[in-house]
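*Asks:* Structure for this input, please:
(one chain, ligands or ions: 2)
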Amino acid sequence: MVPVATEDSHPHSQGFARPRILVPEKVSPDGLAMLTPHFDVDNVVGLSPEELIRKIPLYDGLIVRSETKVTAAVLQAGRKLKVVARAGVGVDNIDVGAATSQGVIIVNSPAGNIVAAAEHTVALLLATARNIGRADGTIKEGKWERSKLVGIEVGRKTLGIIGLGKVGLKVARMAKGLGMKVIAVDPYASADIASQEGVELRPSLDHILPEVDFLTIHTPLLATTLDLLGEEEFKKMKKTARVLNVARGGVYNEAALLKALDEGWIAGAGLDVFTSEPPTADSVAAQLTKHPKVVATPHLGASTVEAQENVSMDVCTQVLEILRGGHPTSAVNAPIILAEEYRKLQPSVELVEKMAKLYAQHYVGGKGGMMGGRKFELIYHGDLATMPNTKPLFAALVKGLLASFSTSHVNIVNAALIAKEKGIIVSETYASDTKNLLFANMVTLRAHSNGDDGEPVTEQVIEGYTSDQRGFITKLDRFNGTFEPDGTLIILHNYDQPGKIGGVGMVLGEHGININSMQVASLDPSRTESREARKRGATADNEALMILGVEGTVNGQVVEDLRRSEGVLDVSLVRL
Ligand SMILES: NC(=O)C1=CN([C@@H]2O[C@H](COP(=O)(O)OP(=O)(O)OC[C@H]3O[C@@H](n4cnc5c(N)ncnc54)[C@H](O)[C@@H]3O)[C@@H](O)[C@H]2O)C=CC1
Ligand SMILES: O=C(O)C(=O)COP(=O)(O)O
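*Replies:* Ligands and ions are numbered 1, 2, ... in the order given. Below you'll find the predicted structure:
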């Protein structure tokens with residue numbers, strides 16, 4: 001069992017806290033066990049909406065099923081929240097829009113419980129056909145009612161399916177196995193797949209309603225599917241027809257359904273889901289659950305041991321990934337990046353973030369520069385230029401640029417929005433220069449900004465590549481030289497004269513700073529001088545950059561002392 005903790009008793013509430021995850025519903029321990037070695041997981045069931053809002057500010061992650069309403073207020077209170085995981089399919093209990101604008105990633109398990117949902121649909125199909133609910137109820141009361149409970153067969157009958165998605169298709173296959181004819185409506189379904197499964201796709205509801213003996217609906221609950229079937233539609237059906245709902249309460253208008261049953265427009269219903277769960281006393285939903293023509297279950301579609309293990313593993317894997325800085329495999333509000341793609345992109349994602357941090361600290365930070373209004377171009381070369389999804393690289397750029405200027409939590413969900421808010425303009429170019437490339441994954445960052453006089457545009461360039469999961473920078477503006485962007489770097493712009501290294505070493509030694517690595521980048525022979533360099537008259541081939549990887553406390557005084565050293569033109573301190 002996962003340990004339960006309250007905010008007061010929490011073992012980490014005093015010191016450095018590990019990320020915390022709140023699980024306010026019953027979620028299978030299989031997945032949670034993956035999280036407990038890394039995070040503090042609090043499985044606290046039965047929180048009221050107010051209690052949830054009070055608790056949520058402490059948490060980095062939230063894992064829910066269908067009972068917890070993740071409202072805009074909950075998301076707003078969850079200042080640390082990075083991910084909300086839905087251990088299941090439907091996210092209609094989560095305010096996805098509010099999450100997106102706050103950069104909170106919503107993940108779900110799109111396929112973990114679809115077999116369970118389809119099997120439950122078939123269970124309700126047979127239960128409504130054979131009066132299983134009433135038979136069970138009366139026999140438990142000591143009655144032996146046979147003549148009142150004569151059912152119908154499903155074989156050779158027609159099943160109508162609205163929504164031929166993952167669950168709908170599985171139901172179709174099972175129904176075919178029961179010898180049923182299956183017809184369906186789904187504006188987005190593949191006609192090929194439908195015909196392969198022996199399902200007739202029809203153009204509209206009117207083309208199935210009069211014909212079906214059973215009707216089942218498997219769409220998500222959306223504005224377009226709310227009240228999809230009302231009085232008018234029920235009246236078009238056979239009086240012997242039975243309807244099923246293992247999707248969401250509200251796709252059938254509940255009041256219309258109650259009337260259709262009472263008036264005898266249809267013969268029965270098998271219902272797993274309701275507009276309020278549990279149905280509030282005297283609500284239409286409550287009346288439906290008690291109706292003699294209804295077989296009702298308390299939202300059990302996904303409640304099998306197997307489905308719960310699947311969804312728990314699916315979402316916990318993603319939560320682990322996200323809270324460690326990686327990407328989900330099935331984000332509801334973020335571009336999906338496949339695991340395979342992720343492995344290929346991740347080193348470049350790290351490189352781009354570091355290039356952006358380097359840019360921000362070397363060219364902007366400490367120089368009174370403004371990030372807003374700058375234009376950036378990310379140019380992908382070689383294999384990178386063929387990646388179908390470069391959104392993570394775009395996000396890495398925004399994250400790196402803002403890291404030293406803002407506490408905004410940038411991710412692939414909100415990167416474009418935040419860049420826009422900060423006035424940063426980013427474009428992406430997929431270069432076709434595969435020939436003569438030294439490395440398979442190269443990326444160039446070009447920045448355009450206003451010069452010191454606020455007028456024409458100066459361009460800075462940072463170029464790099466990844467190899468063997470490591471990132472390297474090969475070009476910094478007019479200078480070529482390869483170095484690994486890692487740790488604390490001092491970048492010295494100096495005249496390329498003998499004795500320079502010794503002088504710099506002495507200054508650093510006086511401050512007790514060790515040099516771990518050193519690279520000299522020399523002027524690119526094919527360069528064109530920047531406008532500033534031209535202004536300085538520094539067109540001779542006697543400039544260089546010295547990039548020092550250092551260890552120790554590098555404060556403003558160190559930078560000042562280095563700047564005063566002879567032959568040094570400029571110094572910047574970069575922490576990556
Ligand atoms: N009762 C339960 O415990 C469970 C319920 N569900 C619910 O089942 C539903 C379906 O899930 P999946 O099959 O995984 O979704 P899916 O996304 O694979 O399929 C939904 C299908 O509905 C179609 N659709 C959307 N609007 C439509 C419309 N107006 N008319 C006809 N078709 C329309 C879509 O084109 C899509 O093919 C979801 O609402 C989900 O929450 C899923 C699992 C368990
Ligand atoms: O996955 C879905 O959409 C479901 O409806 C399952 O809901 P549950 O996780 O059982 O509360």
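
*Asks:* going forward, measure contacts between C-alpha atoms and count neighbours the same way
*Replies:* Noted.

*Asks:* Show me the shaky parts of this protein.
*Replies:* Residue ranges of the chain with pLDDT under 70: 1-16, 334-342, 365-373, 404-409, 434-436, 450-458, 499-500, 527-541.

*Asks:* Run through the residues that contact the residue sitting furthest away from the middle of it.
*Replies:* Computed with C-alpha atoms, centre = their mean, the residue of the chain farthest from its C-alpha average is Ser147, at 54.9 Å. With contacts defined as C-alpha atoms under 8 Å, 6 or more residues apart in numbering, Ser147 is in contact with no residue.

*Asks:* mind checking how far it is from ligand 1?
*Replies:* 32 Å (C-alpha to the nearest ligand atom, to the nearest Å).

*Asks:* got it, and Val571?
*Replies:* 56 Å.

*Asks:* Go ahead and confirm that residue touches Ser565.
*Replies:* No: Val571 lies out of contact with Ser565 (C-alpha atoms under 8 Å); the separation is 10.3 Å.

*Asks:* In three-state terms, how would Ser432 be classified?
*Replies:* Three-state assignment for Ser432 (DSSP: H, G, I helix; E, B strand; the rest coil): coil.

*Asks:* whoops, I mixed them up, Ile63
*Replies:* strand.

*Asks:* Could you find the closest non-adjacent residue to Ala307?
*Replies:* Excluding the flanking residues, the one nearest Ala307 by C-alpha to C-alpha, 6 or more residues apart in numbering is Asn113, at 4.6 Å.

*Asks:* show me what contacts the one you found?
*Replies:* Taking C-alpha under 8 Å, 6+ apart, we find Asn113 in contact with Gly88, Val89, Ala302, Ala307, Gln308, Asn310, Val311.

*Asks:* ok, now which ones touch the residue lying closest to the second one once chain neighbours are set aside?
*Replies:* Leaving aside its chain neighbours, Val89 sits nearest to Pro110 (5.1 Å; criterion: C-alpha to C-alpha, 6+ apart). Under the criterion of C-alpha under 8 Å, 6+ apart, the contact partners of Pro110 comprise Gly88, Val89, Ser330.

*Asks:* If we check ligand 2, which of those residues are in contact?
*Replies:* With C-alpha under 6 Å from any ligand atom as the criterion, these include Gly88, Val89 near ligand 2.

*Asks:* would a markdown table of the contacts of Pro110 with distance to Leu126, secondary structure and neighbour count be doable?
*Replies:* Output for those, formatted as a markdown table (distance: C-alpha to C-alpha, whole Å; DSSP: H, G, I helix; E, B strand; the rest coil; neighbours: other C-alpha atoms under 10 Å):
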| residue | distance to Leu126 | secondary structure | neighbour count |
| --- | --- | --- | --- |
| Gly88 | 25 | coil | 25 |
| Val89 | 24 | coil | 20 |
| Ser330 | 33 | coil | 19 |
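
*Asks:* Of the contacts of Pro110, which is the nearest to Leu320?
*Replies:* Ranked by distance to Leu320 (C-alpha to C-alpha), the contacts of Pro110 are led by Ser330 at 13.3 Å.

*Asks:* close enough to count as contact, Leu573 and Met546?
*Replies:* No: counting by C-alpha under 8 Å, Leu573 does not reach Met546; the two are 11.9 Å apart.

*Asks:* who touches both of these two?
*Replies:* Both Leu573 and Met546 are in contact with Ile490, Ile491, where contact means C-alpha under 8 Å, 6+ apart.

*Asks:* Which helix or strand contains the residue of the stretch 301-450 of the chain found nearest ligand 2?
*Replies:* Nearest to ligand 2, among the residues of the stretch 301-450 of the chain, is Ala302, at 4.6 Å (C-alpha to the nearest ligand atom). Assigned by DSSP states H and E, Ala302 belongs to neither a helix nor a strand.

*Asks:* Name all residues that make contact with it.
*Replies:* Counting by C-alpha under 8 Å, 6+ apart, Ala302 has contacts Gly88, Asn113, Ile114, Ala116, Ala117, Gln308.

*Asks:* make it 7 Å
*Replies:* For Ala302, the contact set (C-alpha atoms under 7 Å, 6 or more residues apart in numbering) comprises Asn113, Ala116, Ala117.

*Asks:* and these, which of them are in helices?
*Replies:* Ala116, Ala117 (DSSP state H).

*Asks:* helix or strand right after the one helix or strand Phe394 maps to?
*Replies:* Using DSSP H and E, Phe394 maps to helix 391-402. Once helix 391-402 ends, the next helix or strand along the chain (criterion: DSSP H and E) is helix 415-421.

*Asks:* So which of Val571 and Ser565 has more stuff around it?
*Replies:* Val571 (22 against 15; other C-alpha atoms under 10 Å).

*Asks:* Now do the contacts for the more buried one.
*Replies:* Taking C-alpha under 7 Å, 6+ apart, one finds Ile490, Ile491, Leu492, His493, Val559, Arg563 in contact with Val571.

*Asks:* distance of it from His493?
*Replies:* 6 Å (C-alpha to C-alpha, to the nearest Å).

*Asks:* for Leu576, same thing?
*Replies:* 19 Å.

*Asks:* do Val251 as well
*Replies:* For Val251, the distance to His493 - C-alpha to C-alpha - is 67 Å.

*Asks:* Near ligand 1, which residues of the stretch 301-450 of the chain? Just list them.
*Replies:* So the stretch 301-450 of the chain meets ligand 1 at Gly301, Ala302 (C-alpha under 6 Å from any ligand atom).

*Asks:* Now do the strands for the stretch 301-450 of the chain: every range, in order, please.
*Replies:* Chain-ordered strands for the stretch 301-450 of the chain, with DSSP state E, counting those that start in this stretch as the definition, fall at 375-382, 425-430, 441-450.

*Asks:* Among Val251 and His493, which residue is more densely surrounded?
*Replies:* Shown here are Val251 and His493; by other C-alpha under 10 Å, Val251 has more neighbours (25 against 21).
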